[in-house]
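**Student:** sequence and predicted structure, then a few things I'm wondering about:
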Amino acid sequence: MSLTGTLPPLVEPAAELTKDEIARYSRHLLIPDLGVEGQKRLKNAKVLVIGAGGLGSPTLLYLAAAGVGTLGIVEFDEVDASNLQRQIIHGESDIGRSKAESARDSIHEINSGIDVRLHKIRLEPDNAVELFREYDLIVDGTDNFATRYLVNDAAVLAGKPYVWGSIYRFEGQVSVFWEDAPDGRGINYRDLYPEAPPAGMVPSCAEGGVLGVLCGSIGSIMVTEALKLLTGMGETLLGRLMVYDALDMNYRTIKLRRDPERQPITELIDYDAFCGVVSEEGALAAVGSTITAAELKDLLDDDKVELIDVREPVEWDIANIDGATLIPKDKILSGEALSGLPQHKPIVLYCKTGIRSAEALAALKNAGFADATHLQGGIAAWTKQVDPSLPVY
C-alpha cells in the first residue's frame, strides 16, 4: 500500500464564519483547495503544540494567524535572553516570564479570537496520553530525544496524528507520523529512529547552536503540514521525511517505510532511561568523581589540579574558566590527547553542563587516570555559583 496521497480532513467544519472572520481570512477563502469549507474546519480545530521555543514560536504564530480555533501550549519554562535570537513569539519585556503566558499574549495580539489553553507542565508519561486526547492534532518541536519518543508513543496510544520537526545548526527535518492513518498507511517516529542514538553522540542546540531563522523555515513547513491535515488539502509528509540544508539551500524528501520488525506500542516507558542522557559508562565514571564549583575554586586557589575544558573552540571563545586548558572531548575519546595530559597532578574536566565531561571522564578512567574528576553542572554552575561575571550562553 502506498504511503502517499491525500488524507481525509481531521476536523468537521464549524457551522459558520462571521462577517469579521470572512474579512480576516479572505485570502484563504479565495483559494479553491481551502475556501470557506476549509476555513470552517480550521475554526473548529484543536491543535496542541509541544513547546513555545524555537519551533513552537513560528508554529503558534502562524496557526493563530491561519484561524485555528483552539491552540494548546505545553510549556513550563521561562523566557531567557538567549531565547530571543530565534524564539520570535517572545520579546525583551518577556524575559523572566512564563513562556506559555508570553506566547498566549503574542497569539492574542495576532488573533484575539483564538482559544489559547495553557498547560504549564512538563510532559510526562503519566499525563501525555490523556492530554493528547483533548486535541485533533499534535505538533512536536521539542529538542531532545526523550520527549520526542514520549510524544510519539503517547500519540500512538491516543490515536492522534502529529507533525514533527527538528533543527540543528543549518539543517532541519520535518515529517508527519500517524499510526492509525487510513488505508494501512500508518507510520510513526520509531520507523525513522528505532532506537535513540548513543548518549553524547548528538549534541543539543544548546551545545551545538542553531541558526535562528532556521526555526522559521522549518516551523512554517510544520504549520503547512498541520493545515493540510486539518482540512484534507494536498499531499502530506506522511511516509516521507523532508530534509532542509540552509547552507546549500536544498530541500529533499526521503521515503519512509514501516519497520516490519517494529513491536506494537502498548505502554509508555521511562524515556530518560531509554535515551540515556549520559551513557552508562559516563554515569559510572562520575560516581565518586564529581566535584562542585565551590570545591573546584578551592583546588584552583591552591594550584592542586589541572583543569581541562572539553568543550568546542567556539564555546571557549564565549567564556572559559581562568587557568583551564582547552582539549575538546573528541580528542580525549579518540585517545589523541591522552599523551599530553599531566601525570603529576589530578585532572578536573568541565564542559557546559556536565554531560560531555562525564563522557570524557569515562575515557580518562579507562586510560588509567584514576585521580580524574569532573565539574558538576559544568561552566554553567561555575558562572552561577562562583563567577557571575562570565557570560551565559
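**Tutor:** That came through fine.

**Student:** return the helix or strand in the chain with minimum mean pLDDT.
**Tutor:** Across the helices and strands of the chain, mean pLDDT, DSSP states H and E gives its lowest value to helix 205-208, namely a mean of 73.

**Student:** go through the helix or strand following that helix and flag the buried ones.
**Tutor:** Sequence-wise, the next helix or strand beyond helix 205-208 is helix 212-231, with elements assigned using DSSP states H and E. Neighbour-count burial for helix 212-231, with 16 or more other C-beta atoms under 10 Å as criterion, is recorded at 214-219, 221-231. Using the backbone N, CA and C atoms, a C-beta is placed for each residue, glycine as well.

**Student:** so where do the helices sit in the stretch 201-350 of the chain?
**Tutor:** Secondary structure of the stretch 201-350 of the chain (DSSP state H, counting those that start in this stretch): helices located at 205-208, 212-231, 271-275, 280-286, 293-301, 313-318, 329-333.

**Student:** output the fifth one as PDB, nothing but the C-alphas.
**Tutor:** The C-alpha trace of helix 293-301 is given here as PDB (Å, rounded to 0.1, in the frame of the first residue of the first chain):
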ATOM      1  CA  ALA A 293      32.000  24.600  41.700                       C
ATOM      2  CA  ALA A 294      33.000  25.700  45.200                       C
ATOM      3  CA  GLU A 295      35.300  22.700  45.600                       C
ATOM      4  CA  LEU A 296      36.900  23.400  42.300                       C
ATOM      5  CA  LYS A 297      37.500  27.000  43.300                       C
ATOM      6  CA  ASP A 298      39.400  25.900  46.400                       C
ATOM      7  CA  LEU A 299      41.500  23.400  44.400                       C
ATOM      8  CA  LEU A 300      42.400  26.100  41.800                       C
ATOM      9  CA  ASP A 301      43.300  28.600  44.500                       C
END
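
**Student:** distance of the residue of the chain positioned farthest from its centre relative to Ala360?
**Tutor:** Distance from the centre of the chain peaks at His344, with 42.5 Å (C-alpha atoms, centre = their mean). Shown here: His344 relative to Ala360, a distance of 20 Å by C-beta to C-beta, to the nearest Å.

**Student:** just Cys215 next, same as before
**Tutor:** As defined by C-beta to C-beta, Cys215 lies at a distance of 30 Å from Ala360.

**Student:** same deal with Arg240?
**Tutor:** Distance of Arg240 to Ala360, computed by C-beta to C-beta: 38 Å.
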